[in-house]
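In: build me a model from this:
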Amino acid sequence: YIGGAGVAKGYLNRPELTAEKFVANPFGEGRLYRSGDQACWRLVGQMNGQLNGQQLNGQLNGQLEFLGRMDRQVKLRGFRIELGEIESRLRQSEHVGEAVVRLWGEADAAQLVAYLVAANNEGTQQERQSAVHAQLSAQLPSYMLPAAYVWLDALPLTVNGKVDLQALPASDLSVRAHQYAPPQGDIEETMAELWQALLRVDRAGRHDNFFELGGHSLLAVSLVGRLRERGLALLVRDVFVEPTLTALAARVTESAATNDSEVPEQRIGADCRQITPELLPLIDLDQAEIDAVVASVPGGVANVQDIYGLSSLQEGILFHHLIQERGDPYLSRRVLAFESRDRLDAFLTALQNVIARHDSLRTSFRWEGLTKPAQVVCRQAQMPVEERNLPAPTLQHLVEATDPREQRLDLTRAPLMAAVVAYEPDVDEDGGRCHLALFSHHLITDHLSTEFLIAEIDAFMAGRQSELPAPLPYRNFIAQARRMSAEQHEAWFRAELADFDEPAIPFGIVETLGGGETLAETRRTVPADLARRLHEAARRERLSPAVLFHAAWALLVGRLSGRDDVVFGSVLSGRQGIRGGDRAVGMFMNTLPVRLRLNGRGVQQAVRETATRLAGLLEHEQAPLALAQRASGVRPPWPLFTALLNYRHSSVRSGRDPASASDGIELLEASERNNYPLTMSVGDLGGDFVLTSLTVPDIEGERICRSLESVLYAMVDKLEREPEYPFARLPLLSEADRHELLYDFNNTEDFNNTEDFNNTEDFNNTE
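Out: Okay, the predicted model is just below:
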């Protein structure tokens, strides 16, 4: 037990947990916190006395010896789990007399196993087990559910009468916790095989739920891509609508896309002397335009591998680059430190090898004199590396000299990456380290691609490049993004947005054409308790946590703009239906509008409507944003939205920051910007969530993050206790912010002396 001024008063919005963990202080005022740690006092010398009714012989010297956890906390795939909590829930079942839970296995193969003693003989063992698992599923998140149950006549005990954990029999983890139904037919068997590989489960039954087994939106994209490789077609939205294996299998259709037959082959050979229109099936250019493009490429026709059009988001990014005279809102910079010049050189060599592997990294862009913009893939592209002799402190001067708000890259020269090196070998405060500012442009990579690049750089530096998968050509994505016509996209967005004629603009800040020069970044980790409850709520509702964040963001945007009919931008991965899209490098994502109506809906109804809207949007994830704007009732110059939500998963499994995966390399800064005044990025790390806001100076990013957390707290609380509670009435402010606004800002004690304010002599003298 711990007490004193530094101990909190309880758990936020968890009265039952507060009552359990915070107890009355028998030694004085206040309360003590029950930590769950087991310890003993060391005794030295002789002393007679009593403690908790027990006679003591010796002297207490104040030192505590830690003996272990009373609640036997374990960590499973990133989640901290109290085994005692699972055991307590199990004992609440009418079928269970005694229960013990243990973690079996190691790392990703570890599983929870429940050992049970039946309370009665009612029904068969399988019937009792199904009933127990069903009850537990309604009370606990999926990551706390046992993978198997073992029924015993009695629990093994030690000579002291305690449960002997070491004597518990090993479990056959292939026995699933609920009644297992094997897949039926070729498609279900294929689906089960892919689930096992993607979700890292021992086996998948036909009644299993994709999200309950640990699935999320990025894994859904991977599932669709791997089905496509086997000649089977499935939409990502189907995973959200029908997440059970048997229901998904029923939606799978045969597809001829396994050989990418809809993608025209690359026709420009290495020995090509002249590129003609028939060699460019993915763009319409006449011969004069082609000749002008080829003439502008270093090395001429021999260095041109392909020419094709731009994706929807690439067109938007290029537009914002062209309207800026200074800086670039989509130029990213990472600042790294290296322990030696050798480590820096190894990093740059590895990066150049990665550039050589991927078409998108050897791409430049042309637009002048063309009827439509084009991207040109070069066969070879060397990244420029500039070395600068900067005064001390080197790092500070490097950061100032490479400010992306001031810098621009030449988009007509591949690769759209550049490096600036500053090196002071004999400066003590820098430890002889090298510093690197690395630029890259969003025209050629998105967030997930950056993670892949970091992993590949690490592989080259570790000599594991032979293990890397074959690179996928970006041209396949450009071809497949055209599968749905503009008319189909426009019809869907017109049905969604035609009657939406007044945008929801937080704080009245309309500007979306800026270069992001003044955006401030705020980073905040979602409290562990809230993260756990979000996962629990998502499991109960059988959807992705991304849906909960979208619903909460809609409410926040609505309240900040005074609107109950809200449209905001959502960043989509853009990778569904792309063969190998879950591991391809390039710019795939797209930003599209999501519309939600806030009034007249309970919390649960609003969440489910959000899921439906997002599922429908996935079918149009490569539609141009300009088309969606035209289909709406919002007329220029008003923007369709000014607030953006970017929900993204981390795909690189590593305990370290992926940008510093190699020894001797440290990530010092990673900055991103865009042209919106309010952006919230949600990093889904599997168990935890990280919020990163980008805001203009008039918007306080820290308060926005806290407000989003407040909405999320209230949302999961109402989903648990009162799902019909009006969604629009969820509180926007935390208790601390509410107190500050209502009381701290309204503290008028300093103004009680009105003598100065009532002295009108000076004001009556008008001379």
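In: what's the neighbour count on the closest residue to Gly602 other than its chain neighbours?
Out: Nearest residue to Gly602, sequence neighbours excluded (Cβ to Cβ, 6 or more residues apart in numbering): Glu724, at 4.0 Å. Using the backbone N, CA and C atoms, a C-beta is placed for each residue, glycine as well. A count of neighbours around Glu724, defined by other Cβ atoms under 10 Å, yields 11.
In: residues contacting Glu724?
Out: For Glu724, the residues meeting the contact criterion (Cβ atoms under 8 Å, 6 or more residues apart in numbering) are Gly602, Val603, Gln604, Gln605.
In: any idea how far it is from Val96?
Out: 32 Å (Cβ to Cβ, to the nearest Å).
In: in stretch 183-190, what counts as buried?
Out: Pro183, Ile187, Glu188, Thr190 (16 or more other Cβ atoms under 10 Å).
In: please save the CA atoms from the longest helix anywhere in the chain in CSV.
Out: What stands out as the longest helix in the chain, according to DSSP state H, is helix 701-721. Once side chains and other backbone atoms are set aside, the C-alpha atoms of helix 701-721 remain, and they are given as CSV (Å, rounded to 0.1, in the frame of the first residue of the first chain):
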residue,chain,number,x,y,z
GLY,A,701,-2.9,21.5,-30.5
GLU,A,702,-2.6,20.2,-26.9
ARG,A,703,-6.2,21.2,-26.1
ILE,A,704,-7.4,19.5,-29.3
CYS,A,705,-5.7,16.3,-28.3
ARG,A,706,-7.2,16.5,-24.8
SER,A,707,-10.7,17.2,-26.2
LEU,A,708,-10.5,14.2,-28.5
GLU,A,709,-9.5,12.0,-25.5
SER,A,710,-12.5,13.4,-23.6
VAL,A,711,-14.9,12.5,-26.4
LEU,A,712,-13.4,9.0,-26.6
TYR,A,713,-13.7,8.5,-22.8
ALA,A,714,-17.3,9.5,-22.9
MET,A,715,-18.0,7.4,-26.0
VAL,A,716,-16.7,4.2,-24.6
ASP,A,717,-18.4,4.8,-21.3
LYS,A,718,-21.8,5.3,-22.9
LEU,A,719,-21.2,2.3,-25.2
GLU,A,720,-20.6,0.2,-22.1
ARG,A,721,-23.5,1.6,-20.0
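In: and that helix, which residues are buried?
Out: 701, 703-719.
In: ok, now stretch 408-426?
Out: 408-409, 411, 413-424.
In: among those, which one has the lowest pLDDT?
Out: Within the buried residues of stretch 408-426, pLDDT reaches its minimum at Glu424, with 66.
In: neighbouring contacts of the longest helix of the chain?
Out: Applying Cβ under 8 Å, 6+ apart, the external contacts of helix 701-721 come out as 12-13, 520-522, 524, 526-527, 530, 533-534, 536-537, 540-541, 548-549, 551-553, 555-556, 603-604, 607, 678, 680, 691, 693-695, 725, 730-734, 736-737.
In: is Arg80 in a helix, a strand, or coil?
Out: The three-state label for Arg80, taken from DSSP: H, G, I helix; E, B strand; the rest coil, comes out as strand.
In: can I get the CA coordinates of the helix or strand harbouring Leu344 in PDB?
Out: With elements delineated by DSSP states H and E, Leu344 resides in helix 341-357, which encompasses its position. This file holds the C-alpha atoms of helix 341-357, laid out as PDB (Å, rounded to 0.1, in the frame of the first residue of the first chain):
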ATOM      1  CA  ARG A 341      31.400   8.700 -40.600                       C
ATOM      2  CA  ASP A 342      31.500   5.000 -41.400                       C
ATOM      3  CA  ARG A 343      28.000   4.500 -40.100                       C
ATOM      4  CA  LEU A 344      26.800   7.500 -42.200                       C
ATOM      5  CA  ASP A 345      28.400   6.200 -45.400                       C
ATOM      6  CA  ALA A 346      26.900   2.700 -44.800                       C
ATOM      7  CA  PHE A 347      23.500   4.300 -44.400                       C
ATOM      8  CA  LEU A 348      23.800   6.400 -47.600                       C
ATOM      9  CA  THR A 349      25.000   3.400 -49.500                       C
ATOM     10  CA  ALA A 350      22.100   1.300 -48.300                       C
ATOM     11  CA  LEU A 351      19.600   4.100 -49.100                       C
ATOM     12  CA  GLN A 352      21.000   4.300 -52.700                       C
ATOM     13  CA  ASN A 353      20.500   0.500 -53.100                       C
ATOM     14  CA  VAL A 354      16.900   0.900 -51.900                       C
ATOM     15  CA  ILE A 355      16.400   3.700 -54.500                       C
ATOM     16  CA  ALA A 356      17.700   1.400 -57.200                       C
ATOM     17  CA  ARG A 357      15.200  -1.300 -56.200                       C
END
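In: quick one: Arg230 from Arg583, how far?
Out: Plainly put, Arg230 is 16 Å away from Arg583 if you go by Cβ to Cβ.
In: repeat for Ile509
Out: Summarising the geometry, the distance separating Ile509 from Arg583, computed by Cβ to Cβ, is 38 Å.
In: equivalent analysis for Leu645, please.
Out: Leu645 sits 25 Å away from Arg583 when distances are taken as Cβ to Cβ.
In: any of the contacts of helix 701-721 buried? List them.
Out: Under a neighbour-count criterion of 16+ other Cβ under 10 Å, the subset of these counted as buried comprises 13, 522, 524, 526-527, 530, 533-534, 536-537, 540-541, 548-549, 551-553, 555-556, 603-604, 607, 678, 680, 691, 693-695, 725, 730, 732-734, 737.
In: so for the longest helix of the chain, mean pLDDT?
Out: Mean pLDDT, computed over helix 701-721, is 93.
In: the helix or strand just after it - what's its average pLDDT?
Out: Moving toward the C-terminus from helix 701-721, the next helix or strand (DSSP H and E) is helix 735-739. The average pLDDT for helix 735-739 rounds to 77.
In: got any ranges where the stretch 101-250 of the chain has weak pLDDT?
Out: Residues of the stretch 101-250 of the chain that meet the criterion pLDDT under 70 lie in 106-109, 142, 171-180, 217-218.
In: what ranges do the helices span in it?
Out: With DSSP state H, counting those that start in this stretch, the ranges of helices along the stretch 101-250 of the chain come out as 125-137, 185-199, 217-229, 236-241, 245-251.
In: Arg433 contacts Val335, correct?
Out: No - taking contacts as Cβ atoms under 8 Å, Arg433 lies outside contact range of Val335: 11.9 Å.
In: higher neighbour count, Leu645 and Arg583?
Out: Counting neighbours by other Cβ under 10 Å for Leu645 and for Arg583 shows that Leu645 has the greater number, 24 against 17.
In: separation between the more buried one and Ser466?
Out: As for Leu645, its distance to Ser466 is 40 Å (criterion: Cβ to Cβ).
In: ditto for Gly214
Out: 30 Å.
In: neighbour count: those two, which is higher?
Out: Gly214 (18 against 6).
In: which residue is the nearest non-sequential neighbour of that one?
Out: What sits nearest to Gly214 in space, not counting adjacent residues and going by Cβ to Cβ, 6+ apart, is Leu199, at 5.2 Å.
In: so what's the one you found up against?
Out: For Leu199, the contact set (Cβ under 8 Å, 6+ apart) comprises Phe210, Leu213, Gly214, Gly215, Leu219.
In: residue contacts, the fourth one?
Out: By Cβ under 8 Å, 6+ apart, Gly215 lies in contact with Leu198, Leu199, Leu223, Val239, Pro243, Ser544.
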